[in-house]
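Undergrad: structure, please.
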Amino acid sequence: MQRTPKKNLDSLLHRLYGKQSSESLDLMSSHLLQSCEQLSAINHNPIRWDASTCVLITYADSVRDDGRAGLATLRDVLNTHLMPLASVVHILPFLESTSDGGFAVSSHHNLAEQHGDWSDLDALAEGRSLMADLVLNHISASHPWVQDFIQGAEPGRSCILTGSPDPCWEAVVRPRSSALFTTLLSASGPQQVWTTFGPDQVDVNWRNPAVLKGFTDLMQRFCRHGVSWIRLDAVGFIWKEPFTSCIHQPEAHRIVEVLRLLLDQAVPSGVLVTETNVPEQENLSYLRSGEEAHLAYNFPLPPLLLEAAISGKADLLNRWLRRWPQLPSDSGLLNFTASHDGVGLRPLEGLMDDNRLIQLLIRCEQRGGLISHRRLTDGSEIPYEINISWWSAMADGGIDPGHLQIERFLVTQLLILALPGIPAFYLPALLATPNDLAGFRRSGHRRDLNRPTFRHSTLDNRLRDPHDPASIVLDQLRTAMTIRSTLSAFEPNSPMDVLSDSREDAVVLQRGEGRDTIWAIHNLTPSRLSLRPSDLTSAGSVGPWCDRLQPQSKLEQANALQLKPFEVRWLQQEPQR
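TA: Numbers count the residues shown, from 1 in each chain. Here you go, the predicted structure:
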């Protein structure tokens with residue numbers, strides 16, 4: 001017999017907080033469920049995702065207009081220029097914060113003043129879905145919980161995770177090279193607290209049920225204002241156990257289950273997304289049970305695709321694609337290239353040898369990129385991520401950086417449209433934006449190379465100029481996304497077969513089944529490529545082929561298909577007459 005949400009939640013809470021009384025946990029369970037179920041009446045979207053679903057990643061104030069709220073300006077840009085590419089908009093942290101691009105959240109109640117207020121979020125949600133972040137591991141040192149801790153007052157005093165250097169923490173996996181613990185001067189004297197991500201980001205104590213209650217309240221607040229996709233930032237780090245790596249602990253997985261269950265009650269078509277920039281199998285662990293995340297970021301994809309586009313060799317990418325994971329129904333991967341963070345290197349562990357990796361780092365540095373490092377338990381540091389704009393990364397390594405830059409950029413973006421799962425694009429990348437050297441010089445933070453802002457009027461003029469690279473890129477991707485949304489072969493859970501696992505010049509994917517099958521062919525080299533369509537199928541005699549990306553072109557089976565450098569084709573067999 002199927003268990004009820006109440007019984008499932010009761011079980012999860014008892015496993016997490018077994019030292020609490022059964023009565024208090026039962027009361028907490030009932031309260032959480034009732035408050036979520038009340039929200040379901042205002043969330044009616046019956047479809048979680050389909051072939052038209054596409055995520056746009058952006059900061060609330062990426063586009064600025066004097067005297068206007070960032071969210072209002074963003075809404076204008078989305079409605080004018082980005083509609084097919086923004087059915088879901090991931091607004092990076094927009095609450096009050098003190099650092100780290102919004103990820104040091106100082107208030108769970110108020111939006112940062114420059115972004116607007118909750119009514120601006122409501123307006124942005126009209127006609128689209130929104131994704132917002134729960135920054136689960138930490139809060140700003142200015143957050144009320146931290147101020148309570150300093151004063152020795154509840155509820156914050158017991159919501160902060162205290163700790164100090166000890167041999168039991170020597171195996172902790174770190175995403176940063178800063179100190180693991182930071183001293184705060186409290187009313188009772190100096191106290192050390194966990195700061196996994198830096199001194200302005202104080203870790204919260206998930207052993208206290210009040211922390212779960214606080215983040216559930218925030219999730220519900222988001223849902224009341226049009227958010228139906230929830231991104232769990234840094235979720236792997238939230239539970240610490242002595243003498244372990246303090247990452248992906250079983251309790252972290254149980255907390256994801258709790259949040260999934262509650263989101264399902266609040267927004268039946270909602271989507272829970274885990275963000276874990278770690279080796280592939282660790283990342284997939286949040287999907288395999290079918291009870292945790294709906295989606296996980298496909299972190300091996302950006303570095304593998306970046307290396308293939310720069311080197312002109314797709315062998316590693318094809319080898320990895322060939323073993324695409326089989327996942328439970330109603331779950332999948334969020335496929336992306338660029339994001340607000342750097343290109344993570346931990347997901348390459350076991351997928352790329354040191355020589356290829358070193359060459360990748362050198363080529364990115366030649367294109368103006370920087371390399372960030374993380375500290376290992378022995379005190380040494382190794383590369384952690386590449387900080388570079390995707391547009392700059394697609395520059396040619398020769399005398400003319402712009403040679404084939406648009407074509408190289410587009411093949412990487414079109415490839416993610418052909419993969420199972422959900423495609424996601426980062427706004428500055430779509431706008432063909434080079435490394436923001438001025439922003440980096442102002443802040444000294446390497447990630448600011450790829451976190452630019454735009455003047456609304458200037459951007460609008462660029463996008464109305466048909467010769468501007470941003471206009472060219474957006475025009476082609478809007479067209480591709482419009483076509484994709486009509487093709488059942490590109491449904492998120494449609495099957496995929498990789499037909500190019502022995503090639504290094506192209507990625508050839510077969511998506512869908514039967515008469516709806518699409519063959520997506522990607523030339524990953526700066527040279528022309530000849531390929532026979534008959535090599536794509538063993539179906540015997542077939543009729544002519546059509547290219548869904550170029551509807552005017554037809555190709556008989558006997559003819560060789562000529563692909564220009566970095567060209568993409570979506571082939572489909574036309575019915576025989």
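Undergrad: ranges for the helices of the stretch 301-450 of the chain?
TA: 301-311, 315-322, 354-366, 390-393, 405-417, 427-430, 437-443 (DSSP state H, counting those that start in this stretch).
Undergrad: would you turn the ones you listed into JSON lines with mean neighbour count, mean pLDDT and distance to G67?
TA: In this view, the C-beta of every residue, glycine as well, is placed from N, C-alpha and C. As requested, the helices of the stretch 301-450 of the chain are exported to JSON lines (neighbours: other Cβ atoms under 10 Å; pLDDT from 0 to 100; distance: least, Cβ to Cβ, whole Å):
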{"stretch": "helix 301-311", "mean neighbour count": "24", "mean pLDDT": "98", "distance to G67": "37"}
{"stretch": "helix 315-322", "mean neighbour count": "20", "mean pLDDT": "97", "distance to G67": "46"}
{"stretch": "helix 354-366", "mean neighbour count": "15", "mean pLDDT": "97", "distance to G67": "39"}
{"stretch": "helix 390-393", "mean neighbour count": "26", "mean pLDDT": "98", "distance to G67": "30"}
{"stretch": "helix 405-417", "mean neighbour count": "22", "mean pLDDT": "98", "distance to G67": "34"}
{"stretch": "helix 427-430", "mean neighbour count": "25", "mean pLDDT": "98", "distance to G67": "22"}
{"stretch": "helix 437-443", "mean neighbour count": "13", "mean pLDDT": "95", "distance to G67": "22"}
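Undergrad: for R375, give me its contacts.
TA: Residues near R375 by Cβ atoms under 8 Å, 6 or more residues apart in numbering: R174, R176, S177, E381.
Undergrad: ok, so of these, who is nearest S471?
TA: Ranked by distance to S471 (Cβ to Cβ), those are led by R176 at 38.2 Å.
Undergrad: touching, the closest one and R374? I think so.
TA: Yes. With contact defined as Cβ atoms under 8 Å, R176 counts as touching R374 (6.5 Å).
Undergrad: if we can go back for a sec, can you tell which of the helices of the stretch 301-450 of the chain is closest to A480?
TA: Closest among those, using Cβ to Cβ: helix 405-417, at 6.0 Å.
Undergrad: what angle sits between that closest one and helix 315-322?
TA: On the basis of axes from the mean of the first three to the mean of the last three Cα atoms, to 10 degrees, helix 405-417 is oriented at 20 degrees to helix 315-322.
Undergrad: with distance to L95 added, can I get the helices of the stretch 301-450 of the chain in TSV?
TA: Output for the helices of the stretch 301-450 of the chain, formatted as TSV (distance: least, Cβ to Cβ, whole Å):
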stretch	distance to L95
helix 301-311	27
helix 315-322	36
helix 354-366	32
helix 390-393	27
helix 405-417	29
helix 427-430	19
helix 437-443	20
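Undergrad: mind listing the strands for the stretch 201-350 of the chain?
TA: 201-203, 227-233, 271-275, 295-297, 332-335, 343-344 (DSSP state E, counting those that start in this stretch).
Undergrad: looking at those strands, which is closest to S107?
TA: So among the strands of the stretch 201-350 of the chain, strand 201-203 is nearest, using Cβ to Cβ, at 14.2 Å.
Undergrad: pull the residues that contact the closest one.
TA: With Cβ under 8 Å, 6+ apart, strand 201-203 has contacts from 99-100, 103-104, 137-141, 143, 146, 160-161, 182, 184, 193-196, 237, 240.
Undergrad: stretch 257-272 too?
TA: Contacts for stretch 257-272 (Cβ under 8 Å, 6+ apart): 5, 8-9, 12-13, 16, 32-33, 36-37, 39-40, 43, 45-49, 131, 134, 212, 215-216, 219-220, 223, 228-230, 232, 256, 289, 291-295.
Undergrad: sorry, back to before: and of the helices of the stretch 301-450 of the chain, who's closest to S331?
TA: Per Cβ to Cβ, nearest to S331 of the helices of the stretch 301-450 of the chain: helix 301-311, 16.6 Å.
Undergrad: check which helices and strands that closest one sits against.
TA: Under the contact definition 3 or more Cβ pairs under 8 Å, 6 or more residues apart in numbering; DSSP states H and E, helix 301-311 sits against helix 315-322, strand 343-344, helix 354-366, helix 390-393, helix 405-417.
Undergrad: put the alpha carbons of the fourth one into PDB.
TA: Below are the C-alpha coordinates for helix 390-393, written out as PDB (Å, rounded to 0.1, in the frame of the first residue of the first chain):
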ATOM      1  CA  TRP A 390      32.000  31.300 -22.700                       C
ATOM      2  CA  TRP A 391      32.200  33.800 -25.600                       C
ATOM      3  CA  SER A 392      35.900  34.600 -24.900                       C
ATOM      4  CA  ALA A 393      36.500  30.800 -24.500                       C
END
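Undergrad: what residues of stretch 242-257 count as buried?
TA: C246, I247, H248, Q249, E251, A252, H253, R254, I255, V256, E257 (16 or more other Cβ atoms under 10 Å).
Undergrad: stretch 215-230 too?
TA: 215-216, 218-220, 222-230.
Undergrad: run the chain-centre distance for it.
TA: Taking the mean of its C-alpha atoms, stretch 215-230 sits 18 Å from the chain's own mean (Cα atoms, centre = their mean, to the nearest Å).
Undergrad: what average pLDDT does it get?
TA: Across stretch 215-230, the average pLDDT comes to 96.
Undergrad: now do the buried residues in the helix or strand that contains S11.
TA: For S11, the enclosing helix or strand under DSSP states H and E is helix 5-16. Neighbour counts over helix 5-16 (16+ other Cβ under 10 Å) mark P5, N8, L9, D10, L12, L13, L16 as buried.
Undergrad: with L33 as the reference, measure out to the second one.
TA: Same thing as N8. The gap separating N8 from L33 is 10 Å, by Cβ to Cβ, to the nearest Å.
Undergrad: who's in contact with the nearest residue to A296 once chain neighbours are set aside?
TA: Residue nearest to A296 in three dimensions, not counting chain neighbours: T274, with 4.8 Å by Cβ to Cβ, 6 or more residues apart in numbering. Counting by Cβ under 8 Å, 6+ apart, T274 touches L232, V235, V256, N283, Y286, L287, E292, A293, L295, A296, Y297.
Undergrad: what do you get if the cut-off is 6 Å, keeping everything else the same?
TA: Shown in contact with T274 (Cβ atoms under 6 Å, 6 or more residues apart in numbering): L232, V235, Y286, A293, A296.
Undergrad: could you do S164 as well?
TA: F181, Q192.
Undergrad: quick one, phi/psi of it?
TA: Main-chain dihedrals, S164, degrees, to the nearest 10: phi -160, psi 160.
Undergrad: roughly how far does the nearest residue to D505 once chain neighbours are set aside sit from C546?
TA: Using Cβ to Cβ, 6+ apart and skipping residues adjacent in sequence, the residue nearest D505 is T525, 5.0 Å away. Distance, T525 to C546, using Cβ to Cβ: 24 Å.
Undergrad: higher neighbour count, the two?
TA: T525 (21 against 17; other Cβ atoms under 10 Å).
Undergrad: quick check: P167 vs G270, distance?
TA: From P167 to G270 the distance is 42 Å (Cβ to Cβ).
Undergrad: the more surrounded of these two?
TA: Between P167 and G270, counting by other Cβ under 10 Å, G270 is the more crowded of the two (24 against 8).
Undergrad: excluding its backbone neighbours, what's nearest the residue nearest to the spatial centre of the chain?
TA: With distances taken as Cα atoms, centre = their mean, the residue of the chain nearest its centroid is Y297 (4.8 Å). What sits nearest to Y297 in space, not counting adjacent residues and going by Cβ to Cβ, 6+ apart, is L334, at 5.1 Å.
Undergrad: much appreciated, bye for now.
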